[in-house]
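Chemist: sequence first, then the predicted structure:
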Amino acid sequence: MTKYSLGSLVREGLFGHKRWSPAWRDAAPKAAYDAVVIGGGGHGCATAYYLAKKHGLSNIAIVEKGWIGGGNAGRNTTIIRSNYLYDESAAIYDHAMQLWKGLGRELNFNIMMSHRGVLNLAHDDGEVRQLKRRVEANRLNGVDAEWLDAAQVKEVCPIINISADIRYPVLGATLQRSGGVNRHDAVVWGYARKADEMGVDIIQNCEVTGIKTEGGAVVGIETTRGEIRTPKVASVAAGHTSVIAKMVDLRLPIESHPLQALVSEPIKPVNPCVIMSNAVHAYCSQSDKGELVIGAGIDHQISYTQRGGFDVIEETIGAIVEMFPIFSRLRLMRQWGGIVDVCPDASPIISKTPVKGFYVNGGWGTGGWKATPGSGHVFADLIANDEPNVIAAPFAIERFCSGKLVAEHGAAAVAH
Amino acid sequence: MFVIECPYCGRRDQSEFSYGGEAHIARPTDSAELSDAEWAEYVFMRTNTKGVFAERWVHTAGCRKWFNAIRNTASDEILAVYKAGARRPKVENQRLGTPSGEPAIGSGNDAAKVVRPNARSGK
């Protein structure tokens, strides 16, 4: 496989870039694998990569119904941060944060990781208290976090309106300087390319239609491209976790909702960081192309249609324009929706199940992207060892019986 | 965004309504007797159906009455509305197009459309 470097870029440029080889093979399904990952998004490709790299499992496959990275991996707003309140969440999100820092080099793929800082705004006294508490909790967990008053917020982000006269004045914000954004396609492609290099089969255009069990254990899957025998099936099908779980009669505490995002026309660099607001419900960053990337709130109805209502967009844009009056005459270029699997406690499920050999990684709600490497890393551990490691253990399905929830509604940023 | 027919007020924009989630979940009458797993089943577990789904709505900015609707969550087509307490009406001819249930119209999931363009029977 070609090593990507400045040298190879120049060399291939001399040949008109016509000699590049595909980054991964177009694999056809084999009759049997040691394990199958359902879902070729960021988490799925990361899971397969770490299974091969850390656990030496290379006779495995990723089965994807469309193309890899075409689901939620290609629909999110790529925000990276780890400033969650509870120890359990800080552990997994910061594990991901540490992996993000070296991921481009590790994958030999430019994931365009930009640690430009993430602001979480407070608009009333209650929020100020809550966010200050979160800063302290983050620091205790070794997550970088600081509290800024309104004037300091304006220093970090000069275009923000900190007037006291607006409907929801900005009273302050938390800042995680290591937070930022990256390039979603590059992450998926980078993981896929390296996984493929280690022998993982990436099977696209292959939809799972059933999971076969014998005596309470997984023995294989049925797909639109034939049956595959395997003792281990790992579902990483964000947006369709319940649909996959239903194939083994497993009930989950997940509800699926559309979540929308929008992109503006490109403008010169004006927004140097990522800004999120829970109360008015908007978040915004600027891509390297100059487009504003704006995330909306979820549509409240359960739906699998990957589109939402205009009323949700109207609310989001109203909030954005109040915070950034300079954006009021920008035109929006694209708008889309993805389906997010939301758990009642706004934390994910990374778990074994009562069906032997069937593992679930899902329910990341509105914020799964930031966790991609950490999620894949600990999920691969769970699949290989059949036991969750210390980071994954709190996210087992059993917490909904024991009551030991990891309630992260405050830190999840998107109101649900 | 939907136009929803309130059984009391008629057709109105979705922004007048609030969503109540899955319908026909009855609170157990013997909650003191239930195991943790049974209680979790009532409180947390949901069918989250892709396809024909019974759900609750309330006409918040109208008559403020609760009612139920049957909607295809794969296409967002509302198939029936009925008053709270009424029996769930039968809905027929809602076969899903592909195994993952992408309908011919109303889905943004182009991936599945490209994969199996002829495999969908529509609704």
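Modeler: Yes, it's here.
Chemist: rest of the way, CA atoms for contacts and neighbours
Modeler: Will do.
Chemist: what about the residue nearest to residue A:367 when sequence neighbours are not counted, neighbour count?
Modeler: Spatial nearest neighbour of residue A:367, chain neighbours left out: residue A:412 (6.8 Å); criterion: C-alpha to C-alpha, 6 or more residues apart in numbering or on different chains. Neighbour count for residue A:412, taken as other C-alpha atoms under 10 Å in any protein chain shown: 21.
Chemist: which residues pair with the most centrally placed residue in chain B across the strands?
Modeler: Centroid-nearest residue in chain B: residue B:53, 3.4 Å away (criterion: C-alpha atoms, centre = their mean). Following DSSP bridges, residue B:53 is listed with bridge partners residue B:71.
Chemist: contacts only, for it.
Modeler: B:22, B:70-73 (C-alpha atoms under 8 Å, 6 or more residues apart in numbering or on different chains).
Chemist: with residue A:208 instead?
Modeler: A:38, A:63, A:65, A:221-224, B:99 are the contacts of residue A:208 under C-alpha under 8 Å, 6+ apart.
Chemist: what's the closest of those to residue A:178?
Modeler: Residue A:178 has its nearest neighbour among the contacts of residue A:208 in residue A:38, at 31.3 Å by C-alpha to C-alpha.
Chemist: so that closest one makes contact with residue A:238?
Modeler: No: here residue A:38 does not reach residue A:238: they are 9.8 Å apart, not a contact under C-alpha atoms under 8 Å.
Chemist: who's more crowded, the two?
Modeler: Between residue A:38 and residue A:238, residue A:238 has the larger neighbour count (other C-alpha under 10 Å), namely 30 against 27.
Chemist: residues in contact with that one?
Modeler: A:39, A:72, A:339-341, A:362-364.
Chemist: from those residues, which ones fall inside strands?
Modeler: The strands, defined by DSSP state E, take in A:339-341, A:362 from these.
Chemist: still on that earlier bit, including distance to residue A:190, could the contacts of residue A:238 go into CSV?
Modeler: Converted to CSV, these look like this (distance: C-alpha to C-alpha, whole Å):
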residue, distance to residue A:190
A:39, 16
A:72, 17
A:339, 24
A:340, 23
A:341, 25
A:362, 21
A:363, 24
A:364, 22
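Chemist: what is the burial count for the closest residue to residue A:284 other than its chain neighbours?
Modeler: Using C-alpha to C-alpha, 6+ apart and skipping the chain neighbours, the partner closest in space to residue A:284 is residue A:294 (4.5 Å). By the criterion of other C-alpha under 10 Å, residue A:294 has 26 neighbours.
Chemist: and for residue A:274?
Modeler: 26.
Chemist: mind listing what it touches?
Modeler: A:79, A:116-119, A:180-181, A:283-286.
Chemist: tell me which residues form a beta bridge with it?
Modeler: Assessed by DSSP bridges, residue A:274 has beta-bridge partners residue A:118.
Chemist: what residues does the stretch 51-200 of chain A have near chain B?
Modeler: A:65-67, A:70 (C-alpha under 8 Å from any C-alpha of the partner chain).
Chemist: so how far is residue A:250 from the residue of the stretch 301-416 of chain A at minimum distance from chain B?
Modeler: For the stretch 301-416 of chain A, the residue closest to chain B is residue A:309, as judged by C-alpha to the nearest C-alpha, at 4.0 Å. Going from residue A:309 to residue A:250 by C-alpha to C-alpha, to the nearest Å gives 31 Å.
Chemist: so which of the two has more stuff around it?
Modeler: residue A:309 (18 against 15).
Chemist: report pLDDT for the more buried one.
Modeler: Listed pLDDT for residue A:309 reads 91.
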